[in-house]
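# kindly return the folded structure for what I paste below:
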Amino acid sequence: MVTHMEVLAIIPARGGSKSIPRKNIKLFHGIPLIAWSIAAAKQSKLVTRVIVSTEDEQIAAVARKFGVETPFLRPAKFAKDNTTDLPVFIHALQWLDKHEGYRPDVVVQLRPTSPIRPTGLVDKAIKILLAHPRADSVRGVVPAGQNPHKMWRLTGEHSPMKNLLDVEGIDEPYNAPRQLLPPIYWQTGHIDAIRPKTILTGSMSGKNIYPLVIDPRFSVDLDTGFDWVCAEWLVDHSKLSMVRPESYVLHHPS
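As a prediction, the model looks like this:
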């Protein structure tokens with residue numbers, strides 16, 4: 001019987017953002033962007049440790065100011081434009097095991113670029129994972145704004161189109177009412193809860209991925225300046241129950 005469970009939240013934050021320079025520490029609604037994900041981790045009752053994985057000294061300093069660990073600086077080879085999540089998380093887990101003998105039972109990924117999260121989101125994801133022993137991971141999803149059953153592949157302007165997806169029992173899904181089509185969900189960057197063995201065997205998700213359905217009004221991904229303005233407007237004017245850094249990170253000593 002497990003009496004204590006180690007749940008590690010990892011916030012990946014490299015310094016080389018191109019679309020929005022220094023994005024991870026740029027002020028979002030008056031507070032460094034990364035602090036919003038730190039707050040989500042600190043709001044959790046199940047997360048036992050929070051670290052930031054970065055290659056950037058300035059980002060690491062900001063993270064520590066807001067009360068989380070930066071036990072290492074990520075090697076530059078894992079902080080390139082085309083670096084995927086997997087080597088970043090393998091590096092973190094292997095470093096912690098080698099240098100501290102630390103092996104978490106659950107890993108939570110919190111991407112800084114999805115800063116607006118519902119209260120309680122992190123614990124919901126962890127509980128779903130723990131409730132399903134065969135689950136490799138839990139991923140946040142929202143109802144898709146566009147249905148791929150009405151999407152097309154083009155091979156050229158002078159060739160017929162080919163529908164992207166077929167639906168069993170519906171001859172022409174692209175002509176069918178939306179209500180007859182299977183509901184489709186889009187993955188977001190809000191939350192992933194993952195078993196460490198899934199990561200260490202070469203996947204950020206595994207094959208058995210359970211959903212955590214999120215209110216689509218929280219669906220914000222900061223890729224452009226326009227995204228940034230819209231997201232700050234949402235923080236100011238929506239009545240969504242979201243995790244705000246003021247409540248969780250500003251009381252920590254610098």
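
# tell me if I'm right that Asp215 and Val142 touch.
Yes. If you go by Cβ atoms under 8 Å, Asp215 and Val142 touch, sitting 7.4 Å apart. Every residue, glycine included, has its C-beta placed from N, CA and C.

# out of those two, which sits in the busier spot?
Neighbours were counted for Asp215 and for Val142 using other Cβ atoms under 10 Å; Val142 has more, 17 against 12.

# so for stretch 219-239, what gets flagged as buried?
The neighbour-count check on stretch 219-239 (16 or more other Cβ atoms under 10 Å) flags 219-220, 222, 228, 231-232, 234-235 as buried.

# pLDDT, secondary structure and distance to Pro87 for these - can I get that in JSON lines?
Below are the buried residues of stretch 219-239 laid out as JSON lines (pLDDT from 0 to 100; DSSP: H, G, I helix; E, B strand; the rest coil; distance: Cβ to Cβ, whole Å):
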{"residue": "Ser219", "pLDDT": "91", "secondary structure": "coil", "distance to Pro87": "27"}
{"residue": "Val220", "pLDDT": "87", "secondary structure": "coil", "distance to Pro87": "26"}
{"residue": "Leu222", "pLDDT": "92", "secondary structure": "coil", "distance to Pro87": "23"}
{"residue": "Trp228", "pLDDT": "95", "secondary structure": "helix", "distance to Pro87": "28"}
{"residue": "Ala231", "pLDDT": "95", "secondary structure": "helix", "distance to Pro87": "28"}
{"residue": "Glu232", "pLDDT": "96", "secondary structure": "helix", "distance to Pro87": "32"}
{"residue": "Leu234", "pLDDT": "94", "secondary structure": "helix", "distance to Pro87": "33"}
{"residue": "Val235", "pLDDT": "94", "secondary structure": "helix", "distance to Pro87": "33"}
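
# quick one: low-confidence parts of the stretch 1-150 of the chain?
Where the stretch 1-150 of the chain drops to pLDDT under 70, the residues are 1-3.

# kindly recompute the last result at 90.
With pLDDT under 90 as the threshold, the stretch 1-150 of the chain has low-confidence stretches at 1-4, 16-19, 145.

# which among the buried residues of stretch 219-239 gets closest to Arg103?
Nearest to Arg103, judged by Cβ to Cβ, of those is Leu222 at 32.4 Å.
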